[in-house]
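Peer 1: okay, predicted coordinates and the sequence, questions at the end:
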Amino acid sequence: MRNPNGYGCIKKLSGRRRRPFVFVVSDHGRQKPIEYFTSLVDAQIYQADYNRAHGHRPLPGHKITFAELYHRWLPRHIDDTQPSQSAVDSYRNAYQHLAPLHGRAVVDIKYVDYQMIIDGMRRQGLSYSSCKKVRSLISLVLKYAEKLEMHVTNYAPLLSLGWNRPVHPHHVFSRQKINRLWACTDVPGVDTVLILLYTGMRCGEMLQLQKADVHLRQRYIRITRSKTAAGIRIIPIHHRIALLIEARMKSPGDALICDDTGRPYNYGRYFTIWRTVMHRIRADGHTTHDCRHTVATLLDNAGANETAKRRILGHAGGDITERVYTHKNLRQLRKCIELLK
């Protein structure tokens with residue numbers, strides 16, 4: 001459909017450019033570039049907003065596509081909820097699974113279309129968790145459509161995900177494997193595994209930890225970036241890993257976990273170290289998340305206070321009394337973490 005006069009147009013520029021799409025309008029008979037974009041969808045959203053702000057009507061018969069709705073929703077959602085980077089990456093990954101629906105009008109997408117995406121993911125062997133993240137994204141985007149007064153049905157609660165069969169079941173580290181780690185603390189990377197096993201941190205939380213977040217004098221770590229709101233917390237430093245953390249504090253770089261040049265690790269680089277350490281202690285098959293399962297299990301076996309355990313692990317409490325009225329100070333949290341042997 002041809003755009004009405006004065007609506008402007010989007011062009012793709014030649015060559016290898018970081019932002020190849022440009023939105024242009026006519027100005028005294030000449031085309032004037034207004035803004036440049038990395039994707040066509042971003043350019044189309046800007047074009048619609050530009051014309052709405054300048055008093056033009058929307059394109060007659062225009063229907064918002066799923067891609068346009070998603071790109072309108074994501075910036076708003078980030079501004080409103082301030083999700084972690086891992087959550088944003090999860091949204092973008094789930095959006096890619098919905099690629100067959102990107103160009104379709106949202107009002108024309110029905111339950112069977114969304115269910116076909118989920119069924120296709122299951123046939124490909126993707127995990128229950130991956131399907132759940134796609135369903136969650138569908139729900140969030142369609143709720144945003146309701147805010148825009150689009151007449152759509154939120155089909156997310158009706159979508160079937162099948163059985164939850166863990167692709168990689170988690171296993172607790174045995175005492176023998178933990179002792180093997182302590183026997184080779186001079187091996188590069190072993191200290192990071194012990195830090196995970198005596199703090200209950202997520203691997204991503206450890207890799208994002210800055211030295212400014214470590215308080216050696218008061219012997220605690222402050223987690224300032226996490227995947228959940230409950231993950232923002234303090235964790236006492238267990239006496240057995242105090243020297244390991246002190247050594248890390250003297251290494252180059254601003255992040256606690258860095259290489260010899262002071263460069264912080266991302267998960268991909270760190271996973272190479274993880275696999276080497278696991279092979280060294282004959283623990284192949286363990287994942288970084290097994291450390292959290294180990295901490296939770298060992299604290300439970302030691303009779304730890306449930307609320308303190310949740311605070312240390314960064315789990316949201318299910319009871320209103322626990323979440324709102326129960327407060328655990330650093331001394332109580334330290335008493336809980338020191339139950340780990």
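Peer 2: Looks like it arrived, so ask away.

Peer 1: when you work out contacts or count neighbours from here on, use the C-alpha atoms and nothing else.
Peer 2: Will do.

Peer 1: make sure residue 42 is actually in contact with residue 69.
Peer 2: No: under the criterion of C-alpha atoms under 8 Å, residue 42 is not in contact with residue 69, lying 10.6 Å apart.

Peer 1: which one of those two has more residues nearby?
Peer 2: residue 69 (20 against 16; other C-alpha atoms under 10 Å).

Peer 1: residue contacts, residue 220?
Peer 2: 214, 234, 235, 236, 237 (C-alpha atoms under 8 Å, 6 or more residues apart in numbering).

Peer 1: now with 10 Å?
Peer 2: Contacts of residue 220 were listed using C-alpha atoms under 10 Å, 6 or more residues apart in numbering, and they are 199, 213, 214, 234, 235, 236, 237, 238, 242, 330, 333, 334.

Peer 1: now the residue nearest to the last one when sequence neighbours are not counted: how far from residue 177?
Peer 2: Pointing back at residue 334 there. Nearest residue to residue 334, sequence neighbours excluded (C-alpha to C-alpha, 6 or more residues apart in numbering): residue 236, at 5.3 Å. Residue 236 is 23 Å from residue 177, where distance means C-alpha to C-alpha, to the nearest Å.

Peer 1: and the two? which has more neighbours close in?
Peer 2: residue 236 (25 against 15).

Peer 1: spit out the contact partners of that one.
Peer 2: Applying C-alpha under 10 Å, 6+ apart, we find residue 236 in contact with 198-199, 214-216, 218-222, 312, 330-338.

Peer 1: mind showing which ranges of the stretch 201-341 of the chain have poor pLDDT?
Peer 2: 317-328 (pLDDT under 70).

Peer 1: which residue ranges of it form strands?
Peer 2: For the stretch 201-341 of the chain, the strands defined by DSSP state E, counting those that start in this stretch cover 214-215, 220-223, 233-236.

Peer 1: which residues touch the most centrally placed residue in the chain?
Peer 2: What sits nearest the mean C-alpha location of the chain, by C-alpha atoms, centre = their mean, is residue 86, with 1.9 Å. Contact analysis of residue 86 by C-alpha under 10 Å, 6+ apart lists 92, 204, 226, 227, 228.

Peer 1: helix or strand right after the one helix or strand it maps to?
Peer 2: Here residue 86 sits within helix 85-97, counting by DSSP states H and E. Using DSSP H and E, the helix or strand that follows helix 85-97 towards the C-terminus is helix 111-123.

Peer 1: ranges for the helices of the chain?
Peer 2: Residue ranges of the helices in the chain, as given by DSSP state H, are 40-53, 66-81, 85-97, 111-123, 128-147, 175-183, 190-197, 203-208, 242-249, 267-280, 290-301, 306-313, 320, 330-337.

Peer 1: please work out which of those helices is packed deepest.
Peer 2: helix 190-197 (a mean of 22; mean count of other C-alpha atoms under 10 Å).
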